[in-house]
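Asker: Predicted model and sequence below, questions to follow.
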Amino acid sequence: MNWLENEVALITGAGSGLGLALVERFLEEGAQVAVLERSAEKVDALRSRFGAAVVAVQGDVRRYDDNARAVAAAVERFGKLDCFVGNAAVWDHAASLMDLTPEQLDNGFDELFSINVKGYLLGAKAAAPALIASQGSIIFTLSNSSFYPGGGGPLYTASKHAATGLIRELAYELAPKVRVNGVGPCGMASDLRGPASLGQDGLRIMDSRTPEGIASILPLQFFPQTADFTGPFVLLASRANNRTLSGVMINADAGLGIRGIRHAAGGLQL
Ligand code: NAD
């Protein structure tokens, strides 16, 4: 059964990592897919790998016009838009309040929030008329940092908390036509980088994390691959499976919320 047959999705930041895994999974599930991605190299790679099956638009989620161009390209090629996935983001490599100079805090906030929060809002604005017409849905990629401290510094954690507010507000405002939900993954190996204003644009997440370190804090005790997070997105995007979920945030975090006081995992001996 293909759960996304005849659905059209636009995914931001889908040139690598989770977004790319979503492109692969949504295509497998029968969807038609468009992408808005900042990196020209990644856009070229998408075009040569997927050809006409994927509409890849180069642009920046911080600009409304680029979001509108991506929506228009999806609608022009596929005739409609059913699902907008806001996914492009940057991390702050857990730079703490005390690590950052006042100037870094100031500039880092503007850059990180403009991608992680304003980018979702502008994407939702650009996609809303098409989604209202199709009675479709919005999904925002959240994070364990949408719910808990210590997975990032204050900039990233606050930005991912802010995205939960966008989900609640937009789910309220766009009902009854558009469902608005989120998926919050835990750590994974991707190309996730940091703000240029913090000097982190060349630094990837796995430069400051290890697979073993990530696995050890998760009750399910494994290091997830990007594809392991795609199921909840399919569920939320699927009309057949989701008539009722709106304003819902799925913690796809391998059990982080039920860590014990003494040990990360419970007592099951494998
Ligand atoms: P990634 O860097 O591999 O993917 C993000 C993509 O967004 C990149 O291709 C990047 O070029 C693009 N991008 C960045 N800024 C952009 C902009 N201004 N305009 C357009 N595109 C832009 O990283 P990822 O880990 O796959 O990140 C995807 C989502 O997953 C993010 O929302 C991130 O916060 C979330 N997430 C990641 C992790 C993790 O451990 N990697 C954990 C929890 C949540």
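Answerer: Alright, I've got the coordinates.

Asker: mind checking how far Lys42 is from the ligand?
Answerer: Distance, Lys42 to the ligand, by CB to the nearest ligand atom, to the nearest Å: 5 Å. Glycine gets a C-beta too; all of them are placed from N, C-alpha and C.

Asker: Can you tell me the closest non-neighbouring residue to that residue?
Answerer: Leaving aside its chain neighbours, Lys42 sits nearest to Gly15 (2.6 Å; criterion: CB to CB, 6 or more residues apart in numbering).

Asker: hang on, the one you found is in a helix, isn't it?
Answerer: No: assignment of Gly15 by DSSP: H, G, I helix; E, B strand; the rest coil gives coil, placing it outside any helix.

Asker: List the contacts of stretch 128-142.
Answerer: 8, 18-19, 71, 74-75, 80-87, 89, 120, 124, 127, 160, 163-164, 166-167, 170, 174, 177-185, 233, 236-237, 242, 249 (CB atoms under 8 Å, 6 or more residues apart in numbering).

Asker: Which parts of the stretch 151-270 of the chain are strands?
Answerer: Shown for the stretch 151-270 of the chain, the strands assigned by DSSP state E, counting those that start in this stretch span residues 179-185, 249-252.

Asker: What is the neighbour count of the residue nearest to Leu218 when sequence neighbours are not counted?
Answerer: Setting aside the residues directly before and after it, Leu218 is nearest to Ala254 in space (CB to CB, 6+ apart), at 3.9 Å. When neighbours are counted by other CB atoms under 10 Å, Ala254 registers 24.

Asker: can you check Asn67 too?
Answerer: That count, for Asn67 with other CB under 10 Å as the rule, works out to 28.

Asker: which SSE is it in?
Answerer: Element membership for Asn67, per DSSP states H and E: helix 64-78.

Asker: Give me the residues contacting that helix.
Answerer: Contacts for helix 64-78 (CB under 8 Å, 6+ apart): 8, 10, 12, 32, 34-36, 55, 57, 59-61, 81, 84, 119, 122-123, 125-127, 130.

Asker: need the strands of the stretch 151-270 of the chain in a markdown table with mean neighbour count, can you?
Answerer: Compiled in a markdown table, the strands of the stretch 151-270 of the chain are given as follows (neighbours: other CB atoms under 10 Å):
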| stretch | mean neighbour count |
| --- | --- |
| strand 179-185 | 26 |
| strand 249-252 | 20 |
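
Asker: how far away is Gly15 from Asp191?
Answerer: Counting by CB to CB, to the nearest Å, the separation of Gly15 from Asp191 is 8 Å.
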